[in-house]
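> Pasting a predicted model and its sequence here:
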Amino acid sequence: MLWPLCALIAPWLLHASAFRVQRLENAETCRKSFMHFKSYYIQSGEPAVLKCPPLQYLHLDYAKASRLAFNLTWYKNESRKLLPEDDLRIQVQEGALWFFPTSTEDTGHYHCILRNSSYCLEVIISFSVVRRQDVSLPDISYQQHVFTLASEQIYCPDLSDFTTRYTDWKLKWYKNNIILPNRNTKFKYLEDTTFLQIEDVTEEDEGYFTCEMTFTHTGTQYAITRIIQLQTVEQEKRNRPIIVYPNRKTIAAALGSRLIIPCKVFTGYGRNSMTVVWWLANDSYIDEVFQDGRVKEGQFETTIENDANYVEVQLVFDEVREEDFITDFKCYATNDYGSHVFPTQLRPAESSISWYVAAVPVAAVFLIVSAIAIYRCGRARSQKGYALPSSLMANSISL
């Protein structure tokens with residue numbers, strides 16, 4: 001009864017042994033590891049660009065190191081195999097990963113490693129390639145806000161890498177899957193830009209807009225779509241703060257890694273209002289909950305993007321721990337005109353490392369039982385005039 005099991009297990013044992021050795025030999029680790037706060041959702045079949053977050057955004061204390069020459073490498077999940085491999089769809093250009101086009105098999109965690117002779121930094125980025133029919137619109141859409149009773153603009157986001165590289169690109173706009181005509185009384189494409197102007201904004205303009213960019217790459221035409229969830233704000237609330245990130249109830253975090261979450265607040269156009277932003281943990285101030293300083297707030301910063309004003313305060317985790325997954329975090333923004341609060345929680349990032357570590361005890365038991373089974377098979381067969389090859393037996397017992 002044991003021999004069919006032996007015949008099935010033995011080849012697998014030899015393969016598993018070679019695989020584990022290969023992983024250990026190729027393993028490279030950095031002392032500093034970050035989980036990037038932003039998760040990317042790309043529609044399958046479309047081109048995409050994945051960049052390593054800039055050092056200055058991480059607000060690390062190595063200004064001198066940032067001026068030194070770094071070698072940047074990419075790998076997917078925890079395979080430690082450098083990208084690109086044999087897949088011609090994936091290219092590395094100027095330190096960024098370009099996909100022509102993406103496939104659902106590209107989904108995973110991508111690690112970019114910045115390394116020189118004295119420093120090493122690893123950033124983990126969650127990258128999901130999805131089929132349109134498999135996800136809900138809120139999961140893959142960008143939130144934008146416009147004010148009623150005014151002429152406002154919305155833009156097609158995350159296209160600068162393509163618009164600067166290709167000159168033949170064209171852009172179309174849709175609402176509810178119906179193409180919007182250019183230069184009518186309501187909508188107007190702004191030539192040679194990624195903006196759409198909306199005249200006399202009303203609440204009826206809320207909904208999902210789709211912008212589609214087409215261009216030609218090496219003789220093949222590609223299309224990139226972005227879905228925008230447009231929300232209108234009443235004119236009398238024009239100066240109230242609006243939290244644009246976090247925009248999801250949960251944020252992926254890798255246990256043991258460093259994590260930075262920005263609370264990014266839209267404060268309108270024109271002159272910036274006196275908006276105050278802070279973080280809470282279980283409805284208490286961060287420095288009260290984390291008195292050891294493991295989790296703290298970053299500096300208050302102001303930025304301007306597409307003529308819109310934003311303020312930002314980061315929540316910095318020096319090390320993500322188990323208790324952080326059961327802590328309620330809130331971003332809170334307020335000024336003289338109103339307030340906005342957004343709650344969020346950390347969730348464990350799906351990681352092949354976590355699976356690998358969890359599987360080791362089970363695999364060890366399985367290998368021991370398998371080795372005993374093969375040993376017994378050998379004894380049973382030797383009694384009948386058969387014998388397992390000595391090389392197979394040696395490999396099995398050594399595991």
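On my side now, so go ahead.
> can you list the domain ranges for the protein.
2-23+352-398, 31-129, 136-237, 251-348 (automatic domain parsing).
> Looking at those domains, spot the one closest to I243.
Judged by Cβ to Cβ, the one of the domains of the chain that comes nearest to I243 is domain 251-348, at 4.5 Å. C-betas here are computed from N, CA, C, even on glycine.
> now do the same end-to-end measure for the closest one.
8 Å (Cα to Cα, to the nearest Å).
> Give me the mean pLDDT for it.
Looking at domain 251-348 alone, the average pLDDT works out to 91.
> which element is W278 on?
W278 is located in strand 276-281, with elements delineated by DSSP states H and E.
> what does H111 give?
Assigned by DSSP H and E, H111 falls in strand 108-115.
> That strand pairs with which strands?
Its sheet considered, strand 108-115 pairs with strand 71-76 (antiparallel), strand 120-130 (antiparallel) by DSSP bridges.
> next helix or strand past the last one?
The one in question is strand 120-130. helix 137-140.
> again with the shortest one
Remark: after strand 71-76, the chain's next helix or strand is strand 90-93, criterion DSSP H and E.
> Can you name the residues in contact with that following strand?
W74, L83, P84, L97, W98, F99, F100, D106 (Cβ atoms under 8 Å, 6 or more residues apart in numbering).
> what's the farthest-apart pair in the residues you listed?
The widest separation within the contacts of strand 90-93 (Cβ to Cβ) is 15.7 Å, between W74 and F100.
> Which of these two has more residues huddled nearby?
Applying other Cβ atoms under 10 Å to W74 and F100 shows that W74 carries more neighbours, namely 20 against 15.
> For the residue lying closest to that one once chain neighbours are set aside, give me its contacts.
In this structure, W74 finds its nearest non-sequential neighbour in L83, 4.3 Å apart by Cβ to Cβ, 6 or more residues apart in numbering. If you count contacts by Cβ under 8 Å, 6+ apart, L83 has them with W74, Y75, K76, I90, V92, L97, Y110.
> Just the buried subset of the residues you listed, please.
Among the contacts of L83, those classed as buried by 16 or more other Cβ atoms under 10 Å are W74, Y75, K76, I90, L97, Y110.
> Bridged to P262, which residues?
Applying DSSP bridges, one finds that P262 bridges with Q314.
> Burial check on it, number of neighbours?
21.
> go on, the one 4 residues further on?
By the other Cβ under 10 Å criterion, the neighbourhood of F266 contains 23 residues.
> so what's Y245 closest to, chain neighbours aside?
Closest to Y245 by Cβ to Cβ, 6+ apart is K264, at 4.2 Å.
> Could you dump the contacts of strand 90-93 into JSON lines and include distance to H145 and pLDDT?
Output for these, formatted as JSON lines (distance: Cβ to Cβ, whole Å; pLDDT from 0 to 100):
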{"residue": "W74", "distance to H145": "35", "pLDDT": "93"}
{"residue": "L83", "distance to H145": "37", "pLDDT": "88"}
{"residue": "P84", "distance to H145": "38", "pLDDT": "83"}
{"residue": "L97", "distance to H145": "31", "pLDDT": "94"}
{"residue": "W98", "distance to H145": "31", "pLDDT": "95"}
{"residue": "F99", "distance to H145": "30", "pLDDT": "96"}
{"residue": "F100", "distance to H145": "33", "pLDDT": "95"}
{"residue": "D106", "distance to H145": "31", "pLDDT": "94"}
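> closest to K170 among these?
Out of the contacts of strand 90-93, the member with the shortest distance to K170 (by Cβ to Cβ) is F100, at 18.2 Å.
> Check the gap between that closest one and D161 for me.
13 Å (Cβ to Cβ, to the nearest Å).
> likewise K296?
In terms of Cβ to Cβ, K296 sits 33 Å off from D161.
> For F342, give me its contacts.
I243, P246, N247, C263, K330, C331.
> List only those of those flagged as buried.
I243, P246, C263, K330, C331.
> How about the third one, nearest residue that isn't a chain neighbour?
The spatial neighbour of C263 that comes closest, neighbours along the chain excluded (Cβ to Cβ, 6+ apart), is C331 at 3.7 Å.
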